[in-house]
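Colleague: I'd like to go over a predicted model; first the sequence, then the structure.
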Amino acid sequence: MTRPGSRSGWSLVWAAGLLGGLLVPTVVLYLLWEGVAFLRGSPAALLGTDWYPTQGDFGILPLVGGTLATSFLALLVSVPVGLGAAVALHFHAPARMRDTADAVLGVLGGTPSVVFGLFATVWFVPHLGASLASAVLVLTCMVTPTFTLLALAALRQLPRDLMEAGTTLGLKRSQVIRRLALVVARPQLAAAASFSLARCLGEALAVEMVCGNVANMPTGLSVPVRTLTTTLVQEFDYAMGEHRTALHLVALTVVLFAAAATTLAIRLSNRRGEVPA
Amino acid sequence: MKLLLGLVGLVAAGVLVTTAMADSQSRFLITGSSTVAPILQLASERIEAEHPGLLIDVQTGGSSRGIQDARAGSVDAGMASRDLTPEEAAGLHVVPLAYDGVALIANTANPLTSITTEQVADLYLDRVNDWSAFGGSGPVTVVHKAEGRATLEVFLKHFGFDNKAIQADVIVGDNAQGVRMVANDPNAIGYVSIGEALHAVENGEPIRLLALDGVEATLETVADGTFPVRRTLYIMFPESTGASETLLDYLRGPAGRRIMDELSFVPAATGTP
């Protein structure tokens, strides 16, 4: 065994990192390779609004609409709720409560999505139907704990003297939180939201169990919808020929969406918020 | 240089692990219909116990895939839960294993016990949206199947529907998901394999198989051929081998028939063709 810190030990770590880094482009290239026949043939067909793949209709717009609608609506609920929870826990809660909350959030964040899906089929679907609303709710349940944990981490990174300086200047505690803490942490909080968005975009199983899976445009909360990922779950194993090729492009679309959200998150998290004068 | 060595080392380790996982035993690979798969899964467990050294691997992926794989010779057998076209069947040894029906199912809270072809069309083509039209109450939840599934093809073909004309409220993947949807929703109507539906009823799921045009959906009506939406479950072989003969003998024998009974299918040997 090599000593930790020895040069050969490090080369192994580097190699592992390099392999990980190669994996993403490999996946993208593979999906492109498998989908290229479709792109050569009739790429414009993808921009249609009808998804009947075994009858030659390959419009992915309803699937893109379903993915964006479920993800962004879920964030619309998760971010305010999670931010409120993170502020309350970080600034107001006693230490014991904070530790308990940390543990609970950690467990929730690590719960497999099929568990959320089963919960939602029993509790949401009977009231809301298999619909956009049910899909948004299940995503909200899944992503709020994750967002709260990331937001808490962002608040913990704040320099302590910043708060002290604010108090010294005679600001009230609520003002310190709103005008200083949340402003300085804003890029990290936005990064937390972007990471949460990436998770929503990529979630498949729990959504598939409650969204209805009909390729409708998301025109209302009670409409059954289908997302890019749920299409893969339902159809990939059973698809052949052109259908299968098109599904590789559906997969590529999700990967690109999620990659965009993650890249945004990483760029944001390296930034530091400006305190207004 | 060291980086390169590390990289090579990692790749080598990966290759070693994957080859170690691939079994050196003779593997009999079967792919295709998820409706037929449980028969083969149960059979293979028992055959493997009697024939050490024979490893049967059953993978689902739909009837069309099963047929395609068998035709390409990339598997040892394919499974299908729909009839093969003459072009598909050419060159394959196609064996009917069992008969199954596709039944309309409703929640037990729904007073409906039978349905007509006309009513099915009303519900699936969005001409009727509320159960009050048929003596019940509440908005209808139309449960439909995802593209690429044989049950969907059998259903569309029997009723003569164009898939694009169907206004579904929920699209499900496998039969189990269809049963779950109808079990959870008092206003839902769906269609699934009769075998699977009878199995679910036995397990206490709150669903009811609806009689279609006056014919009860039971194993008896599937067996005597009176139930209108019937299909044959097939297994097909690209070539005859020792292992395929062993499998076929087992499936056609009394043990195979017991498996079909267990799964609520009608063994092909006992039904009216």
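Modeller: Now that the structure is in, tell me what you want to look at.

Colleague: show me where chain A dips below the pLDDT cut-off.
Modeller: A:1-6, A:275-277 (pLDDT under 70).

Colleague: which parts of it are strands?
Modeller: Using DSSP state E, the strands found in chain A span residues A:51-52, A:57-58.

Colleague: quick one, which of those strands is nearest to B:Arg149?
Modeller: Closest to B:Arg149 of the strands of chain A, according to CB to CB: strand A:51-52, at 13.8 Å. Bear in mind the C-beta positions are built from the backbone N, C-alpha and C, glycine included.

Colleague: list the contacts for the residue in the stretch 101-250 of chain B positioned nearest to chain A?
Modeller: Ranked by CB to the nearest CB, the top residue of the stretch 101-250 of chain B for proximity to chain A is B:Gly148, at 3.3 Å. Neighbour list for B:Gly148: A:53-54, A:235, A:238-240, A:243, B:62, B:64 [criterion: CB atoms under 8 Å, 6 or more residues apart in numbering or on different chains].

Colleague: for B:Asp130, same thing?
Modeller: When contacts are taken as CB under 8 Å, 6+ apart, B:Asp130 is in contact with B:137-140.

Colleague: wait, which of the residues you listed is closest to B:Leu54?
Modeller: Of these, the one sitting nearest to B:Leu54 (CB to CB) turns out to be B:Val140, at 49.2 Å.

Colleague: what distance do you get for the closest one to B:Ile171?
Modeller: Going from B:Val140 to B:Ile171 by CB to CB, to the nearest Å gives 15 Å.

Colleague: next one: A:Ser113
Modeller: In terms of CB to CB, A:Ser113 sits 19 Å off from B:Ile171.

Colleague: which of the two has more neighbours?
Modeller: Shown here are A:Ser113 and B:Ile171; by other CB atoms under 10 Å in any protein chain shown, B:Ile171 has more neighbours (27 against 18).

Colleague: doesn't that one fall inside a helix?
Modeller: No - secondary structure of B:Ile171 (DSSP: H, G, I helix; E, B strand; the rest coil): strand, not part of a helix.

Colleague: re the thing from before, and the contacts of B:Gly148, which are buried?
Modeller: A:53-54, A:235, A:238-239, A:243, B:62, B:64 (16 or more other CB atoms under 10 Å in any protein chain shown).

Colleague: can you tell me which residues in the stretch 101-250 of chain B are near chain A?
Modeller: B:141, B:144, B:146-149, B:163-164, B:168-173, B:180-181, B:184-185 (CB under 8 Å from any CB of the partner chain).

Colleague: which among those residues count as buried?
Modeller: Buried, going by 16+ other CB under 10 Å: B:141, B:144, B:146-149, B:163, B:168-173, B:180-181, B:184-185, out of those.

Colleague: which ones among these map onto strands?
Modeller: Using DSSP E, those in strands are B:141, B:144, B:170-172.

Colleague: wait, which of these is closest to A:Val223?
Modeller: Out of those, the member with the shortest distance to A:Val223 (by CB to CB) is B:Val170, at 11.8 Å.

Colleague: quick check, pLDDT for that closest one.
Modeller: At B:Val170, the model reports a pLDDT of 96.

Colleague: list the contacts of it.
Modeller: A:130, A:212-214, A:224, B:141-144, B:181, B:188.

Colleague: 10 Å instead, please
Modeller: A:125, A:129-131, A:210-214, A:224, B:141-144, B:177-178, B:181-182, B:185, B:188, B:190 (CB atoms under 10 Å, 6 or more residues apart in numbering or on different chains).

Colleague: specify the beta-bridge partners of it.
Modeller: Beta-bridge pairing for B:Val170 (DSSP bridges): B:Val143.

Colleague: surely A:Val136 touches A:Ala74?
Modeller: Yes - between A:Val136 and A:Ala74 there is a contact at 5.1 Å, judged by CB atoms under 10 Å.

Colleague: I appreciate the help and will end here.
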